[in-house]
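Asker: here are the coordinates; sequence isn't available:
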């Protein structure tokens, strides 16, 4: 049986998207530094076309966090459609909360609130950074906890999922002055890829 | 761009009839829009809040947190959220279940929406407040149900002591601990003598009562770290951590004596009951297996039964015919013994 693997997005669009994402993430980093009052070093974003049965392996290979992780997820819709997964080292809530001045400096901090708040900030900044380049507008659903204290490849079970492939954008956040990082995975649902490609066409036309 | 009058009228009606709180603030945190939902629950009309600073109007708002949250929306130009699970409410409102709900204030989910002006700057933030009280109550009920279920699945319902499954997991845990820390422990199997006869003579309800009362006695006879459980119909298991065979034998004998002397009151009848106990000990140097430990206790129990019942037998004891004491008639130490009813219920 001849398996035809087709790419979700051709090389030209892929390159354009890489450029858009680079610019967008750069902008996001600047915004984040203002809010978190620390320099956030963003890695160069990586793009992947992922088959569903390779998801766990892909996450593992892209993983930048040592040990077990705690992760949140958040849906976005409107111009594009998908979900972000934000991954933190487990038990890092206390350290992160000290960076965000509206959490009380005490032990009463609700750990989940810290992860969720930070995930919202990171996801929003990055996706809006990308959306701004392409004149797109996004709406967000509230983030929620996905899993806590597990290995990265056990984060979510896709046995019941109805998607076969996804376009993944990954970026790592290193906090300056701390041995601490967080990682963002943006999953685009295939249903919005046509819209995304049109947006990229417009972008390329404008900027050559 | 002008909207047709009817559409604007619709929007106004919708904003004020919708079952969601809507408040819009400007960069000075002054209220610019306050919908009917909020007016109803706060008892403060829109005309009394418009143009005034939000934090001055409601001094029990979590001001620091809320101010930061709104400012982040201005700075990051991005949605923000607050879930009742992390923060039960923003505004202290009564909820929609004043009689049937078991919670003090409305639980709220909030969304913070950046509103852009014509220059694409975010100059207002819209906060929506959704009543999540029902969800919170359902989740609390679910939590209770799960807790009850997990208790139910580890406790034997008749005797209210741990069931076999739970005891076996405790045994596994004790065995792991013993191997790791080179500790001793003993495993006991206690069986009510001639239980079938009790059921036959006094009825099953009486038999149940005996099991319940025995379980009470068993609970009272052990120490804090010890574990008990109902192992079978009339069979009970005991785990004695940090105990050697001698210590276990002493505890077992005490239990045997207590039960033998105890008056089991079943309705108007006094029933006398005896038990047989088999004991095994975890052998430190042989990397003793759980199967072997259980099997040796079982064999010892069999010995106790064969030797006349109402006694304790340890794994090291040879199969000697000891003279049994007790109110039950002596029985011959043969394998078929267990099926023969030789019972005299004494009246003492």
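Answerer: Cool, got the structure. Not measured: the values here are computed from a predicted model.

Asker: quick one: the lengthiest helix in chain B near chain A?
Answerer: The residue-count maximum for a helix in chain B (DSSP state H) belongs to helix B:133-152. No: judged by Cβ under 8 Å from any Cβ of the partner chain, helix B:133-152 stays clear of chain A, getting no closer than 12.6 Å. Yep, even glycine has a C-beta here, placed from its N, CA and C like the rest.

Asker: ok, and for that helix, which residues are buried?
Answerer: Using 16 or more other Cβ atoms under 10 Å in any protein chain shown as the test for burial, helix B:133-152 gives B:133, B:136, B:137.

Asker: try stretch B:103-113
Answerer: The neighbour-count check on stretch B:103-113 (16+ other Cβ under 10 Å) flags B:106, B:107, B:108, B:109, B:110, B:111, B:112, B:113 as buried.

Asker: which strand or helix spans the closest residue to chain A within the stretch 151-300 of chain B?
Answerer: Closest residue of the stretch 151-300 of chain B to chain A, Cβ to the nearest Cβ: residue B:173 (21.1 Å). Here residue B:173 sits within helix B:164-181, counting by DSSP states H and E.

Asker: could you list every residue that touches residue B:114?
Answerer: Residue B:114 sits next to B:73, B:74, B:77, B:78, B:79, B:122, B:125 when contact means Cβ atoms under 8 Å, 6 or more residues apart in numbering or on different chains.

Asker: which of the residues you listed are close to chain A?
Answerer: Within the contacts of residue B:114, those near chain A by Cβ under 8 Å from any Cβ are B:77, B:78, B:79.

Asker: turn those into TSV, including neighbour count, secondary structure and pLDDT.
Answerer: Output for the ones next to chain A among the contacts of residue B:114, formatted as TSV (neighbours: other Cβ atoms under 10 Å in any protein chain shown; DSSP: H, G, I helix; E, B strand; the rest coil; pLDDT from 0 to 100):
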residue	neighbour count	secondary structure	pLDDT
B:77	17	coil	88
B:78	24	coil	91
B:79	22	coil	93
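
Asker: out of the residues you listed, which is nearest to chain A?
Answerer: Of all those, residue B:78 has the smallest distance to chain A: 3.5 Å, by Cβ to the nearest Cβ.

Asker: how about the contacts made by the closest one?
Answerer: A:120, A:121, A:124, A:125, A:128, A:140, B:72, B:114.

Asker: how far away is the fifth one from residue A:198?
Answerer: So that's residue A:128. Separation of residue A:128 from residue A:198 (Cβ to Cβ, to the nearest Å): 19 Å.

Asker: more neighbours, the two?
Answerer: Set residue A:128 next to residue A:198 and count neighbours by other Cβ atoms under 10 Å in any protein chain shown: residue A:128 wins out with 24 against 12.

Asker: now the residue nearest to that one when sequence neighbours are not counted: phi and psi?
Answerer: In space, and not counting its chain neighbours, residue A:128 is closest to residue B:78: 5.6 Å by Cβ to Cβ, 6 or more residues apart in numbering or on different chains. Main-chain torsions, residue B:78, degrees, to the nearest 10: phi -140, psi 150.

Asker: what of the one 3 residues further on?
Answerer: For residue B:81, the backbone dihedrals are phi -140, psi 160 (criterion: degrees, to the nearest 10).

Asker: quick one: the helices in the chain?
Answerer: The chain I'm using is chain A. Using DSSP H, helices in chain A cover A:11-36, A:55-62, A:93-97, A:111-133, A:193-207.

Asker: to clarify, I was referring to chain B.
Answerer: Per DSSP H, chain B carries helices over the ranges B:5-17, B:36-42, B:46-49, B:54-57, B:63-76, B:133-152, B:164-181, B:195-202, B:204-221, B:245-261, B:290-306.

Asker: circling back: can the contacts of residue B:78 go into a markdown table with extra columns for distance to residue B:96 and pLDDT?
Answerer: A markdown table is the format used below for those (distance: Cβ to Cβ, whole Å; pLDDT from 0 to 100):
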| residue | distance to residue B:96 | pLDDT |
| --- | --- | --- |
| A:120 | 28 | 94 |
| A:121 | 32 | 91 |
| A:124 | 31 | 93 |
| A:125 | 36 | 92 |
| A:128 | 35 | 92 |
| A:140 | 27 | 94 |
| B:72 | 30 | 86 |
| B:114 | 29 | 94 |
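
Asker: wait, which of those residues is closest to residue B:158?
Answerer: residue A:120 (51.5 Å; Cβ to Cβ).

Asker: wait, doesn't the closest one sit right on residue A:128?
Answerer: No: using Cβ atoms under 8 Å as the test, residue A:120 is too far from residue A:128 to be in contact (11.5 Å).

Asker: how many residues are close by residue 40?
Answerer: Unless you meant another one, I'm taking chain A. Neighbours around residue A:40, by other Cβ under 10 Å: 21.

Asker: think we crossed wires, I meant chain B
Answerer: 13.

Asker: cool, residue B:8 as well?
Answerer: Count around residue B:8 with other Cβ under 10 Å applied: 11.

Asker: the one 4 residues further on too?
Answerer: Residues lying near residue B:12 (other Cβ under 10 Å) number 11.

Asker: swap in residue B:232?
Answerer: By other Cβ under 10 Å, the residues close to residue B:232 number 10.

Asker: how about residue B:27?
Answerer: Neighbour tally, residue B:27, other Cβ under 10 Å: 13.

Asker: swap in residue B:315?
Answerer: 21.

Asker: closest to residue B:259 out of the contacts of residue B:114?
Answerer: residue B:79 (68.4 Å).

Asker: enumerate the residues of chain B near chain A.
Answerer: Taking Cβ under 8 Å from any Cβ, the part of chain B that reaches chain A is made up of B:64-65, B:67-69, B:72, B:75-81, B:83, B:85-87, B:109, B:111.

Asker: ok, of these, which come out buried?
Answerer: Buried residues within these, counting neighbours by 16+ other Cβ under 10 Å: B:65, B:68-69, B:72, B:76-81, B:83, B:85, B:87, B:109, B:111.

Asker: could you find the closest non-adjacent residue to residue B:51?
Answerer: residue B:30 (5.8 Å).

Asker: tell me if I'm right that the one you found and residue B:56 touch.
Answerer: No: counting by Cβ under 8 Å, residue B:30 does not reach residue B:56; the two are 9.5 Å apart.

Asker: can I get the contacts of residue B:78 in TSV with distance to residue A:164?
Answerer: Listed next are the contacts of residue B:78 as TSV, based on distance: Cβ to Cβ, whole Å:
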residue	distance to residue A:164
A:120	29
A:121	31
A:124	28
A:125	30
A:128	28
A:140	25
B:72	37
B:114	35
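
Asker: which among those gets closest to residue B:294?
Answerer: Using Cβ to Cβ, the contacts of residue B:78 come closest to residue B:294 at residue A:120, 53.7 Å.

Asker: count of residues packed around the closest one?
Answerer: Neighbour tally, residue A:120, other Cβ under 10 Å: 24.

Asker: what does residue B:94 give?
Answerer: Neighbour tally, residue B:94, other Cβ under 10 Å: 12.
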